[in-house]
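[1] Let's see this in three dimensions:
(one chain, ligands or ions: 3)
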Amino acid sequence: MATTLSEAYRDHPLHLHHIIPLDFSSFRTLPDSHAWPQSNDDGSDNFTSNGCYDNDDEDGSCIPIIDLNDPNAMEQIGLACEKWGAFQLKNHGIPLNFIEEVEEEAKRLFSLPSKEKLKALRSAGGGTGYGRARISPFFPKFMWHEGFTIMGSPSNDAKKIWPNDYKRFCDTMENYQKQMKTLAEKLTNMILNILGISQEQNKWIGSNNHVGAMQLNFYPCCPDPKKAMGLAPHTDTSLFTILHQSQTNGLQLFKEGVGYVPVDPHPNTLVVNTGDILHILSNSRFRCSLHRVVVNDISDRYSVAYFYGPPVDYLVSPCVGDNSLPRFRALTVKDYIGIKAKNLGGALSLISTLLDHDD
Ligand SMILES: C=C1C[C@]23C[C@H]1CC[C@H]2[C@@]12CCC[C@@](C)(C(=O)O1)[C@H]2[C@@H]3C(=O)O
Ligand SMILES: O=C(O)CCC(=O)C(=O)O
Ligand SMILES: [Fe+2]
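    Ligands and ions are numbered 1, 2, ... in the order given. Alright, predicted model coming up:
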């Protein structure tokens, strides 16, 4: 039987202190465990309030907003993935009131007292439930963040929190994944088309044999936001990720030579960012977007991420043109997850075929 995503993570257990979040509500000041050394890689000084790079390059300086109904959408998506590894998508077909419902359910969950949420704590070798971000062990300080991971039906975890009233939460999250999957399939077909990869090789698209996971993120209002980190810099282990961010700023994307660029919230748009799998598959033609989340002292921030990709036993093999060589060795998604679980940001260079390992 094919391995599931949960099983792929089971072989890489975490220590409990890397899973149990702080009870943020009981802190009026930033504890030392959450105080990060200040960085100077923040490029946001160079940006105007709408997240555009303040130079003369008029149409290439912001993370583009792409209309899915635009006849040129496919071409624009290709350019955005090459230049930014991300774009914002409008007319994506997911009704706004449904997205708001998902956000309401996330708020209902995260506003529970800590002791209630801990009933659904992710286990050491588990993939789903409540806890810190999986990348926590790679950083010396903890993040100002709580997460809830869902793979398929969240009923096992939700029943622990709401024994008699889990249905609304489960129905909403399952419905969201269904709608995200449909959108993700549409985007995948476009992306593979751009890369010249045949549908024949990718029969998993449109089947139920895919990876789809969801992460509800909560970044509480923070007493000392400049010293704190919402979500530390990372790339996603997906083909791409579709993100709904609430109307609160915080998400930033790293741009070579510039620094961190804010990804400003726009009502009714979804952020799409490329992940490691697409970076490998595209033979690094598409950037894999390094991103992080900063926090603020005015409002809570919520986001909902949907990670989409091929099944865990799929062999990811770089697509190469006539004159180019593969920059990565071919490997299964499961093997890549294993390498990343031990090396995080170093995973891509470990599978690089280039001698100088600079990619
Ligand atoms: C399907 C996924 C994608 C995961 C692992 C698994 C479930 C939880 C996801 C996240 C969500 C938060 C950031 C991240 C970096 C993390 O720590 O957990 C993501 C990670 C990845 O993209 O690697
Ligand atoms: O909260 C956000 O805006 C980003 C979340 C994220 O990067 C993730 O869940 O992988
Ligand atoms: Fe992410």
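
[2] Return the nearest residue of the stretch 251-359 of the chain with respect to ligand 1.
    Phe307 (4.1 Å; Cβ to the nearest ligand atom). Any C-beta I mention is one placed from the backbone N, CA and C, and that applies to glycine too.

[3] The closest residue to ligand 2 within the stretch 151-300 of the chain: what's it in contact with?
    Sorted by distance to ligand 2 under Cβ to the nearest ligand atom, the residues of the stretch 151-300 of the chain start with Leu251, at 3.7 Å. Going by Cβ atoms under 8 Å, 6 or more residues apart in numbering, Leu251 touches 243, 245, 262-263, 271, 291-293, 303.

[4] shouldn't Arg327 be in contact with Arg285?
    No. Counting by Cβ atoms under 8 Å, Arg285 is not a contact partner of Arg327; they are 9.7 Å apart.

[5] buried set for stretch 225-241?
    225, 227-241 (16 or more other Cβ atoms under 10 Å).

[6] taking these one by one, which sit in strands?
    231-234, 240-241 (DSSP state E).

[7] Now flag whichever of those residues is closest to Leu183.
    Taking Cβ to Cβ as the measure, Leu183 lies nearest Phe240 of those, at 10.7 Å.

[8] And the closest one, how close does it get to ligand 1?
    11 Å (Cβ to the nearest ligand atom, to the nearest Å).

[9] and that residue, what pLDDT?
    Residue-level confidence at Phe240 comes out at 98, pLDDT.

[10] got the phi/psi numbers for the residue nearest to it when sequence neighbours are not counted?
    Counting by Cβ to Cβ, 6 or more residues apart in numbering, Thr274 is the residue found nearest to Phe240 once chain neighbours are left out, at 5.1 Å. In terms of degrees, to the nearest 10, the main-chain angles of Thr274 are phi -70, psi 150.

[11] Thr274 is in contact with Ser284, isn't it?
    No. Using Cβ under 8 Å, Thr274 is not in contact with Ser284, being 10.8 Å away.

[12] Run through the residues that contact the nearest residue to Pro310 once chain neighbours are set aside.
    Among residues not flanking Pro310 along the chain, Trp204 sits closest, at 5.3 Å (Cβ to Cβ, 6+ apart). Taking Cβ under 8 Å, 6+ apart, we find Trp204 in contact with 210, 310-311, 314.

[13] Now which of those would you call buried?
    Neighbour counting with 16+ other Cβ under 10 Å marks 210, 310-311, 314 as buried within the contacts of Trp204.

[14] Pick out whichever of those sits closest to Ser123.
    Pro311 (23.2 Å).

[15] who has more neighbours, Thr274 and Ser284?
    Thr274 (27 against 17; other Cβ atoms under 10 Å).

[16] export the contacts of Trp204 to JSON lines and tack on distance to ligand 1?
    Below are those laid out as JSON lines (distance: Cβ to the nearest ligand atom, whole Å):
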{"residue": "His210", "distance to ligand 1": "12"}
{"residue": "Pro310", "distance to ligand 1": "12"}
{"residue": "Pro311", "distance to ligand 1": "12"}
{"residue": "Tyr314", "distance to ligand 1": "14"}
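
[17] and which of the residues you listed is nearest to Lys167?
    His210 (25.2 Å).

[18] Help me see whether the longest helix seen in the chain makes contact with ligand 1, please.
    Ordering each helix of the chain by length in residues (DSSP state H) puts helix 167-195 first. No. Helix 167-195 is not in contact with ligand 1 by Cβ under 6 Å from any ligand atom; minimum separation 11.8 Å.

[19] Quick check: next helix or strand after that helix?
    strand 211-219 (DSSP states H and E).

[20] Remind me what that next one packs against, helices and strands.
    On a contact count with 3 or more Cβ pairs under 8 Å, 6 or more residues apart in numbering; DSSP states H and E, strand 211-219 meets helix 96-110, strand 146-150, helix 167-195, strand 301-309.

[21] now those as CSV including distance to ligand 2 and mean pLDDT?
    Shown next, in CSV, are these (distance: least, Cβ to the nearest ligand atom, whole Å; pLDDT from 0 to 100):
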stretch, distance to ligand 2, mean pLDDT
helix 96-110, 11, 97
strand 146-150, 7, 98
helix 167-195, 13, 97
strand 301-309, 3, 98
